[in-house]
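**Student:** Turn this into a model:
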Amino acid sequence: MNMIKLNEGSYKIRGKDVDLTGMVFPLVEGYKVGAKGGYITVDAKSVGGFPDRNIKISVSDADACYEAVDDSVKVTKREETDEETIERLRERFDMLEDMTKATKRGDVRAMIVSGPPGVGKSHGVEKVLGKHDLIQQIANDDRPAKYEVVKGAMSAIGLYCKLYKMADKDNVVVFDDCDSIFSDELSLNILKAALDSKKNRRICWNTDSFKLRNEGVPDSFAFKGSAIFITNIKFDNVKSKKMRDHLEALESRCHYIDLTIDTDREKMLRIKQITNDGMLDEYKLTEETVDEIVDFVDINKKRLRELSLRTVLKVADLAKAFPTKWEAMAENTVMKR
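**Tutor:** I've put the predicted structure just below:
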């Protein structure tokens, strides 16, 4: 496969035409004209920042769009710009909101949202469900809220009772950092029954229980609701094969959204994006102070206890409470010694 260097050409990345002039690719097929104009086909599998397949690069000049180069010349790796990274992260979190809406409608039965702490997993889910709750209040609908967020520890029988309470169609149970259910075999079996792919999802509790009798919960019921699991756990990292098999069975019943943000650069760009979107508006801080908070986090990112949206909120708390000395306060509360 011959190597070429582009003299001109563009490729659409996230809906925008990106100039590829000067980049080196293996040529698959020379100049052709399609419905959208001239193009050449190159192998992008070995080039960082592109799809793992052949791609068509738009060009305007059949004769001068590229030149052959020696096979020893290495392909060029394209670095993602800050704007492209922000857009990629925004798309991923917009997808979380869209999937939450689909779960609320009952189109999606269950969803697992995984990622590090403090990136906005819970915020995205609760924002969508909260809007539905507000619409219900405005409509003077006296029916109980159709979603509930469960945090902290939960036993298997507590899980069974909660699912019974939220068993009706269109109800959503959100398990937010309720990770004890992922390490309990009985809880996982209950969840597998609740989220089964069969039309009739019946859950059974086949042992005698005072709690069920006392709360008027039957020993079996059909679950018609949906569930969202928000967790920091990476299921692949679970060491116990037995538990991993259960988790894989649960995962097979759910849509899985991985919101992992690996690098400090991505975390910082996410912080800037969501701050620009108004995360700190409720603090009523000046625009200058908001910029100073983001700069403080950026400058000290290697020394922070945690580089996350939660840290930004903590610093904003200090800026509101101590307008003249918040930086000194932050140095002693959110930074490592």
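
**Student:** low pLDDT regions in this structure?
**Tutor:** Counting by pLDDT under 70, the chain has low-confidence residues at 1, 132-145.

**Student:** all strands of the stretch 151-300 of the chain, in order?
**Tutor:** 172-176, 202-204, 220-222, 226-231, 255-258 (DSSP state E, counting those that start in this stretch).

**Student:** Pick the most deeply packed of the ones you listed.
**Tutor:** Ranked by mean neighbour count under mean count of other CB atoms under 10 Å, these are led by strand 226-231, which reaches a mean of 25. No exception for glycine: its C-beta is placed from N, CA and C like everyone else's.

**Student:** centre of the chain versus that strand, how much separation?
**Tutor:** Averaging C-alpha positions (CA atoms, centre = their mean, to the nearest Å) puts strand 226-231 12 Å from its chain's average.

**Student:** Starting from that strand, tell me which strands it pairs with and how they run.
**Tutor:** Strand 226-231 has its sheet partners listed here by DSSP bridges as strand 110-114 (parallel), strand 172-176 (parallel).

**Student:** Could you dump those strands into JSON lines with distance to M243 added?
**Tutor:** Below are the strands paired with strand 226-231 laid out as JSON lines (distance: least, CB to CB, whole Å):
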{"stretch": "strand 110-114", "distance to M243": "15"}
{"stretch": "strand 172-176", "distance to M243": "17"}
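
**Student:** ok so, going back, quick one: closest of the strands of the stretch 151-300 of the chain to N54.
**Tutor:** strand 255-258 (26.4 Å; CB to CB).

**Student:** what packs against the closest one?
**Tutor:** If you count contacts as 3 or more CB pairs under 8 Å, 6 or more residues apart in numbering; DSSP states H and E, strand 255-258 packs onto helix 82-105, strand 110-114.

**Student:** Just the residues contacting that strand, thanks.
**Tutor:** Under the contact criterion CB atoms under 8 Å, 6 or more residues apart in numbering, strand 255-258 has outside partners 92, 95-96, 99, 108, 110-115.

**Student:** which two from these end up farthest apart in space?
**Tutor:** R92 and A110 (19.0 Å).

**Student:** Turn the strands of the stretch 151-300 of the chain into a markdown table, columns for distance to T21.
**Tutor:** Converted to a markdown table, those look like this (distance: least, CB to CB, whole Å):
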| stretch | distance to T21 |
| --- | --- |
| strand 172-176 | 47 |
| strand 202-204 | 60 |
| strand 220-222 | 61 |
| strand 226-231 | 43 |
| strand 255-258 | 34 |
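
**Student:** F50 is nearest to which of those strands?
**Tutor:** strand 255-258 (20.6 Å).

**Student:** before we move on, the earlier item: neighbour count: R92 and A110, which is higher?
**Tutor:** Taking other CB atoms under 10 Å, R92 and A110 do not tie; A110 has more neighbours (21 against 18).

**Student:** and that one, what are its bridge partners?
**Tutor:** Going by DSSP bridges, A110 forms beta bridges with A227.

**Student:** Would you agree E251 is in contact with M111?
**Tutor:** No. Using CB atoms under 8 Å, E251 is not in contact with M111, being 10.7 Å away.

**Student:** Following the chain past the lengthiest strand in the chain, name the next helix or strand.
**Tutor:** In the chain, with assignment by DSSP state E, the single longest strand is strand 24-34. Where DSSP states H and E defines the elements, the next helix or strand beyond strand 24-34 is strand 37-43.

**Student:** which helices and strands does that next one pack with?
**Tutor:** Contacts defined by 3+ CB pairs under 8 Å, 6+ apart place strand 37-43 against strand 24-34, strand 54-58.

**Student:** I'd like the next helix or strand past the last one.
**Tutor:** Next along the chain after strand 54-58, taking DSSP H and E as the criterion, comes strand 66-69.

**Student:** in its sheet, what does that following strand sit against?
**Tutor:** strand 3-6 (antiparallel).

**Student:** Now do the buried residues in the strand it pairs with.
**Tutor:** Using 16 or more other CB atoms under 10 Å as the test for burial, strand 3-6 gives 3-4, 6.
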